[in-house]
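Undergrad: Give me coordinates for this.
(2 chains)
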Amino acid sequence: MRIVVCVKQVPDSAEVRINPETNTLIRDGVPTIINPYDTHALEAGLQIKEKTGGTVTVLTMGPPQAESALRECIAMGADEAVLLTDRAFAGSDTWATAYALSKAIELVGADVIICGKQAIDGDTAQVGPEIAEFMDIPHISYVRKIVDAKEEMLVVQRLMDDGYDVIESSLPMLFTVVKELNTPRMPSLKGKMAAKKAEIRKITAAELNVQETELGLKGSPTQVKNIFAPEARKDRKMLEGPPGESISTLVKELVALKCI
Amino acid sequence: MYIKVNRDLCTGCEACIQSCPYDAIVLDNEKAKITEMCQLCSACLGVCPEGAISEVREASDEKQTAEGKGVWVFAEQRENKLAGVSLELLGAARRLAERLGTDVTAVLFGAGSPEANELLHWGADRVLHCDDPLFSAFNDEPYSMLLTKLIKEHRPEIVLAGATPIGRSFFPRVAAALRAGLTADCTSLEIDPETGNLLQIRPAFGGNIMATIFCPHARPQMATVRPRVMKRLDYDGSRSGEIIKIDASGISSRTKVIETVKEVSDISVNLQEANIIVAGGRGMGNDKGFQLLHELAEVLGASVGASRAAVDEGWIPYRHQVGQTGKTVGPKLYIACGISGAVQHLVGMQSSDIIVAINKNPEAPIFSVATYGIVGDVNEIVPMLIKKIRELKG
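TA: The predicted structure follows:
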């Protein structure tokens, strides 16, 4: 089975803040990490490979520096890594990102494609399903358990708001994973050695053989107009004094507001 | 488009370097230089004190704008029950349609005539309804195939869905097929008075930052919207409209829903429907602390929520989690106990009507969204609050 796992190198978003004066990002050396959901996607790929045989290829689209994320994936056990990198991809929204990734996956070849449910910088959860549409294959989002994985079909549980659905899909197909699915393994010593030596395959825009107008900012239907800091509440009341007093005031106010 | 630095104006002050989330600006001969890391996110525009950074638009940035008319809402149902967010979206769609001088269409897959009529009562002018059994359970492929087909036929200018597991899973397929722009998890929608474009406001970077997204050319403009942020219209049982039956010929699926399983607890649903939520964070100290919260919830008739920190500690299951990676809630009363208020949590609860924050750190960000704040130890204050409310309720 040919398994492709899509990963993204992201700023550790818990660290990214905005300067409310200037409405710009304060980065101050925010570290980059592999999108946490993607490590669960890779673990899922490795487990399927262990059961059915085959290869796990990790794929990312990003700047040349994203190569370090791919080497981490090889250390975890991926067989090979592909970096889709080109100035022409800059400014891609999810449409253009998914389009480029789908063309790269066609070059690599895949029976199963696995993505994290979303990336923690954008949180859109769109690229996975969009890749599936571009490749004209089925997809299942929010997979929390793999019930059965065979050469020709996959049965999984999809997490929903009120429980889960059990879904069967033919192959080739794509699925996205939630963290409950598994615990990603630590890199092995052998893996770390392999990661150092691994040859990372690089694919540029020209190799995708697509119109330039479908890539990067030109290929992106959406654009960012501006960014700003979340607003704070104006009608705040701090209840001071000894706890007994502040609680009496609170309960009185809540009763007056018909909250309780 | 690309970002340009005017090297004659640049003083090498590095303000832009600090602003770049992608490490894409470097100093080259003491002047800022944009490298190939640039993602064109525009974060650096406007930070330069010398005005040396600008965006350069190229002729090829301009594309043909497709026309379109009408605001559509995808009305989600599960086991014949309409999702609350779909009714909220009818309210939002009505407001947008009035600004644009157009009407509101609801699209309903599965369920029956009673649900289709409900959508009219909640504000739709028209319902496109397909009740083929293929659509009774949610399945990505048939849902996206049929919605894509309908949008191609009718060409609406805006199409909205709830940012639920269903909307967030199949809307991207529709947008991909239509070459349409799609913005996820919007918390606010406006019409740009100058261009008539839909301005879609959403949290990014884990909720630390809000972004306004727009689609200058592509149509329809598609968005998923978080539950509990839009207001429903008043229910009007006398409101009528047109229900158009849609047939599902030519729609097929390579995935099959074998079984739909409800988890024993309905807490996750309750959280989003709850009038009162009592939520705890790391400040509760341990799972015994959460026992206190369950007790408080019981006397108030409330549901129990939690911050991610408390869920990660294993004090309470994930389905109770409120925030960016959990549920978005909007109860009448939200009592946050021992929650510091990371922005990721705040985006999930700040649309609550009244917020009470109890935290021992007076600097905790939770107080910035609170209606009432009490600085103190939750393990002392919560038991007193329980006692006080018990007295009140006799």
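
Undergrad: Based on its surroundings, how many neighbours for B:Lys332?
TA: Per other Cβ atoms under 10 Å in any protein chain shown, the neighbour tally for B:Lys332 reads 16. C-beta here means a position set from N, CA and C on the backbone, and glycine is covered the same way.

Undergrad: ignore the last one, B:Ala52
TA: Applying other Cβ under 10 Å, we find 18 residues neighbouring B:Ala52.

Undergrad: Quick check: closest non-adjacent residue to it.
TA: The spatial neighbour of B:Ala52 that comes closest, neighbours along the chain excluded (Cβ to Cβ, 6 or more residues apart in numbering or on different chains), is B:Leu9 at 3.7 Å.

Undergrad: secondary structure class for the one you found?
TA: Here B:Leu9 takes the coil state, with states given by DSSP: H, G, I helix; E, B strand; the rest coil.

Undergrad: Find me the pLDDT at it, would you?
TA: Here the pLDDT value assigned to B:Leu9 is 92.

Undergrad: who's in contact with it?
TA: By Cβ atoms under 8 Å, 6 or more residues apart in numbering or on different chains, the residues touching B:Leu9 are B:Cys48, B:Glu50, B:Gly51, B:Ala52.

Undergrad: Phi, psi for the residue of the stretch 101-250 of chain A found nearest chain B please.
TA: Closest approach of the stretch 101-250 of chain A to chain B (Cβ to the nearest Cβ) occurs at A:Pro221, with a separation of 3.2 Å. A:Pro221 adopts backbone torsions of phi -70, psi -30, taken as degrees, to the nearest 10.

Undergrad: The one 5 residues further on now?
TA: With angles defined as degrees, to the nearest 10, A:Asn226 sits at phi -160, psi 170.

Undergrad: Tell me, how many residues neighbour it?
TA: 16.

Undergrad: give me the beta-bridge partners of the residue lying closest to it once chain neighbours are set aside?
TA: Spatial nearest neighbour of A:Asn226, chain neighbours left out: B:Thr212 (5.1 Å); criterion: Cβ to Cβ, 6+ apart. Each beta-bridge partner of B:Thr212 is listed here, defined by DSSP bridges: A:Asn226, B:Ile201.

Undergrad: Just to check, B:Thr212 is in contact with B:Ser42?
TA: No: at 10.9 Å, B:Thr212 does not count as touching B:Ser42 under the criterion of Cβ atoms under 8 Å.

Undergrad: what is in contact with the two at once?
TA: Common contacts of B:Thr212 and B:Ser42 (Cβ under 8 Å, 6+ apart): A:Val224, A:Asn226, A:Ile227.

Undergrad: Now pLDDT too, for those, in a markdown table please.
TA: Shown next, in a markdown table, are those (pLDDT from 0 to 100):
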| residue | pLDDT |
| --- | --- |
| A:Val224 | 88 |
| A:Asn226 | 86 |
| A:Ile227 | 84 |
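
Undergrad: what packs against the longest helix along chain A?
TA: Once chain A is assigned using DSSP state H, the helix that runs over the most residues is helix A:36-52. If you count contacts as 3 or more Cβ pairs under 8 Å, 6 or more residues apart in numbering or on different chains; DSSP states H and E, helix A:36-52 packs onto strand A:2-6, strand A:55-61, helix A:67-76, strand A:112-116, strand A:139-149, strand A:173-177.

Undergrad: Show me what the first one is packed against.
TA: Yep, that's strand A:2-6 we're talking about. Partner elements for strand A:2-6 (3+ Cβ pairs under 8 Å, 6+ apart): helix A:36-52, strand A:55-61, helix A:94-108, strand A:112-116, helix A:127-135.

Undergrad: Other residues contacting it?
TA: A:38, A:41-42, A:44-45, A:48-49, A:54-60, A:73, A:78, A:101, A:105, A:108-115, A:127-128, A:131.

Undergrad: orientation of it relative to strand A:55-61 in degrees?
TA: Counting by axes from the mean of the first three to the mean of the last three Cα atoms, to 10 degrees, strand A:2-6 points 30 degrees away from the direction of strand A:55-61.

Undergrad: quick one on the thing from earlier: now render the contacts of B:Leu9 as JSON lines, adding secondary structure and pLDDT.
TA: Putting these into JSON lines (DSSP: H, G, I helix; E, B strand; the rest coil; pLDDT from 0 to 100) gives the following:
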{"residue": "B:Cys48", "secondary structure": "coil", "pLDDT": "90"}
{"residue": "B:Glu50", "secondary structure": "coil", "pLDDT": "89"}
{"residue": "B:Gly51", "secondary structure": "coil", "pLDDT": "89"}
{"residue": "B:Ala52", "secondary structure": "coil", "pLDDT": "92"}
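
Undergrad: Return a ChimeraX selection command for the buried portion of those.
TA: To isolate in ChimeraX the members of the contacts of B:Leu9 that are buried, counting by 16 or more other Cβ atoms under 10 Å in any protein chain shown, one can use:
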select /B:48,52
